[in-house]
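Visitor: fold the following for me, if possible:
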Amino acid sequence: MASELLGNEIAGWHLEEVSGYGKSAIVFRATKGGSSAAVKVFDREIVERFGRASQQERVYRERKLIGKHHPHLVEIIDAGYDDDKAVFFVVMEFVPGQTLADALLSIPRDRIHTLIAQVAGAAEFLESLGLAHRDIKPENIGVSADFSSAKLLDLGVVRPIGLGNITDEGDQKRFVGTLRYSPPELLIREEQDTLDGWRAVSFYQLGGVLHDLIMQRPLFAHHTEPYAELVEAARTELPAINAPDVPADLRLLAANCLVKDPSLRLSLVNWACFQKPPADRTDARAAALRVAQRRRAATTAASTVQRDSESRRQIAEEVHHDLARIIRAAVESDDIFPPRRIDTNDSISAVNVVFAQSETYALPSPLHVRFRVEVTDVPSKVVRIAANAFISRSGEPSADSANTVPIFEGAYGAGAVLDAKIADYLTLALDASQQDPAIHTDLAFWVNVPQGK
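Guide: Predicted coordinates for the structure are as follows:
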């Protein structure tokens, strides 16, 4: 297409050179009457593959932006279909310089807030027109040579807010955007088609751009391959934002934007958060805005910690209950075990079994077996269970964690696997306690039992 079109005209614009390629289009630098512009021409094959009606609708959306001006949004000059060349096209302002992605390592640290404020202003302007950009990322942001000005580019995937069940691809809920910079709700197409819903998406994407500016690397840079790893990172990972040469408030803004839950994101961030604070730090209104933002962040963080703690406790209680059941089933299924007492100890997240001293069962002193429970991941209910055993004639000694033996780690609900490991451990502990001569002393004797069979 480049060879075919170079030197020709589209809508009166003379196509002089190729300035770039996208996933579905070629961008030419063009001139008309002494003016320069960028002309995007869409690939015919891709248009046919995904539907002519869909592409026509997208071009129509961009055409509606003609005459809508914002200093940090690329200006649309013309858009439509060229019958002679049989291509859809969009003519837009030519933005000299680099994209933010290309210039990432060169941007001065003191320009970060200015640039993100400008891009956020462009996204807010689109929202005021009832549109969501959907693909805010460093590659779609042009930056001037002196790094003083940024422009939000590529309006080809803008979406009217509140379309209901209408999508870009007919009845298909196809993902449109860039995975790396999209929030979880957009990845699985469960975003709310409301002003708040799309604002939450914009905030997340702006947070991704701000992360890159601060950390000087792409979001989730260490999770590029395999593809599934990047998906999982986008869904669950909270990226570290820890550059000490960037103001703390700016780092906090990036972290708040990248919160996974869209409702929490909206409670922490608003458009005013992106505004660059005045140089005069004695401005009381600006200070109040910063204080309120920190307060919301601290309250949300505390609430998240509390919910996580409550969830961990609920899972631990469930595991304790099941462990007591498993232990009873194990010792009642075989008559080798002496009488016992089973109790839980919430203070150390453990289930204790005490087998009574019994000459009949060749157990001259009480045998204590303790199963410790640790919840290592709340969403997936992953638990770690370790055990230790000891015998004593003088009462229970203090627990020594160095003597614990791991017997299970994984998603809880392993059923027969966990049941067998618990039964094996109890049997081995009883066997060891019956045969060691140290049982006859008054000192605690710890028994380390191998893991399972």
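Visitor: can you count the residues close to residue 272?
Guide: 12 (other Cβ atoms under 10 Å). From N, CA and C alone the C-beta is placed, and that goes for glycine too.
Visitor: scratch that, residue 428 is what I was asking about
Guide: Considering only other Cβ under 10 Å, residue 428 is surrounded by 20 other residues.
Visitor: for it, helix, strand, or coil?
Guide: Under DSSP: H, G, I helix; E, B strand; the rest coil, residue 428 falls in the helix class.
Visitor: do residue 344 as well
Guide: From three-state DSSP, the assignment for residue 344 is strand.
Visitor: contacting residues for the residue lying closest to it once chain neighbours are set aside?
Guide: Among residues not flanking residue 344 along the chain, residue 320 sits closest, at 4.8 Å (Cβ to Cβ, 6 or more residues apart in numbering). With contact taken as Cβ atoms under 8 Å, 6 or more residues apart in numbering, residue 320 is in contact with 344, 349, 351, 373.
Visitor: one more pass at 7 Å, please.
Guide: Residues near residue 320 by Cβ atoms under 7 Å, 6 or more residues apart in numbering: 344, 351, 373.
Visitor: as a markdown table, the residues you listed with distance to residue 139 and neighbour count would be great.
Guide: Listed next are these as a markdown table, based on distance: Cβ to Cβ, whole Å; neighbours: other Cβ atoms under 10 Å:
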| residue | distance to residue 139 | neighbour count |
| --- | --- | --- |
| 344 | 55 | 18 |
| 351 | 54 | 24 |
| 373 | 47 | 23 |
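Visitor: which of the residues in stretch 61-74 are buried?
Guide: For stretch 61-74, burial by neighbour count (16 or more other Cβ atoms under 10 Å) applies to 61, 62, 65, 70, 72, 73, 74.
Visitor: residue 137 versus the fifth one, what's the distance?
Guide: As defined by Cβ to Cβ, to the nearest Å, residue 72 lies at a distance of 15 Å from residue 137.
Visitor: phi, psi of residue 86?
Guide: Here is the backbone geometry of residue 86 (degrees, to the nearest 10): phi 60, psi 50.
Visitor: can you report how many residues lie near the closest residue to it other than its chain neighbours?
Guide: Spatial nearest neighbour of residue 86, excluding adjacent residues (Cβ to Cβ, 6+ apart): residue 44 at 6.7 Å. For residue 44, the count of nearby residues is 15 (other Cβ under 10 Å).
Visitor: swap in the one 4 residues further on?
Guide: Neighbouring residues of residue 48 were enumerated by other Cβ under 10 Å; the total is 10.
Visitor: swap in the one 10 residues further on?
Guide: Residues lying near residue 58 (other Cβ under 10 Å) number 23.
Visitor: doesn't it fall inside a helix?
Guide: Yes: assessed with three-state DSSP, residue 58 lies in a helix.
Visitor: so what's the residue nearest to it when sequence neighbours are not counted scoring on pLDDT?
Guide: Counting by Cβ to Cβ, 6+ apart, residue 58 lies nearest to residue 156, which is 5.8 Å off, once chain neighbours are set aside. The model reports residue 156 with a pLDDT of 83.
Visitor: I'd guessed residue 156 sits against residue 59; true?
Guide: No: counting by Cβ atoms under 7 Å, residue 59 is not a contact partner of residue 156; they are 8.2 Å apart.
Visitor: who has more neighbours out of these two?
Guide: Neighbours per residue (other Cβ under 10 Å) separate residue 156 from residue 59, with residue 156 holding more: 23 against 20.
Visitor: for residue 92, see how far away the more buried one is.
Guide: Distance of residue 156 to residue 92, computed by Cβ to Cβ: 10 Å.
Visitor: and for residue 80?
Guide: 13 Å.
Visitor: so which of these two has more stuff around it?
Guide: Shown here are residue 80 and residue 92; by other Cβ under 10 Å, residue 92 has more neighbours (23 against 16).
Visitor: and that one, what are its bridge partners?
Guide: residue 38, residue 76 (DSSP bridges).
Visitor: so it sits right up against residue 36, yeah?
Guide: No: Residue 92 is not in contact with residue 36 according to Cβ under 7 Å; the separation is 11.0 Å.
Visitor: verify the stated contact: the residue nearest to residue 86 with residue 87.
Guide: Yes: when contacts are counted by Cβ under 7 Å, residue 44 is listed as touching residue 87 (6.3 Å).
Visitor: tell me the pLDDT of residue 440.
Guide: Taking residue 440 on its own, its pLDDT is 35.
Visitor: same check on the one 3 residues further on?
Guide: With respect to pLDDT, residue 443 has a value of 30.
Visitor: ok, residue 20 next?
Guide: On pLDDT, residue 20 comes in at 83.
Visitor: all helices for this protein, in order.
Guide: Under the criterion DSSP state H, the chain contains helices at 2-5, 44-50, 52-63, 100-103, 112-128, 184-187, 195-215, 227-236, 248-257, 262-268, 284-332, 416-435.
Visitor: distance to residue 31 and mean pLDDT added to those helices, as TSV?
Guide: Shown next, in TSV, are these (distance: least, Cβ to Cβ, whole Å; pLDDT from 0 to 100):
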stretch	distance to residue 31	mean pLDDT
helix 2-5	14	90
helix 44-50	24	86
helix 52-63	21	88
helix 100-103	24	94
helix 112-128	26	96
helix 184-187	38	89
helix 195-215	32	96
helix 227-236	41	84
helix 248-257	40	88
helix 262-268	44	89
helix 284-332	45	76
helix 416-435	72	80
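Visitor: which of those helices is buried the deepest?
Guide: Ranked by mean neighbour count under mean count of other Cβ atoms under 10 Å, these are led by helix 195-215, which reaches a mean of 23.
Visitor: just the CA atoms of that helix, as CSV, please.
Guide: Once non-C-alpha atoms are left out, helix 195-215 reads as follows in CSV (Å, rounded to 0.1, in the frame of the first residue of the first chain):
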residue,chain,number,x,y,z
LEU,A,195,-19.1,7.8,32.8
ASP,A,196,-17.7,6.5,36.0
GLY,A,197,-16.8,3.2,34.5
TRP,A,198,-14.8,4.6,31.6
ARG,A,199,-13.3,7.3,33.9
ALA,A,200,-11.9,4.4,36.0
VAL,A,201,-10.4,2.9,32.9
SER,A,202,-8.8,6.2,31.9
PHE,A,203,-7.4,6.7,35.4
TYR,A,204,-5.8,3.3,35.3
GLN,A,205,-4.2,3.9,31.9
LEU,A,206,-2.9,7.3,33.0
GLY,A,207,-1.5,5.6,36.0
GLY,A,208,0.3,3.2,33.7
VAL,A,209,1.8,6.1,31.8
LEU,A,210,2.8,7.8,35.0
HIS,A,211,4.4,4.6,36.2
ASP,A,212,6.6,4.5,33.1
LEU,A,213,7.6,8.1,33.5
ILE,A,214,8.6,7.6,37.1
MET,A,215,10.3,4.1,36.8
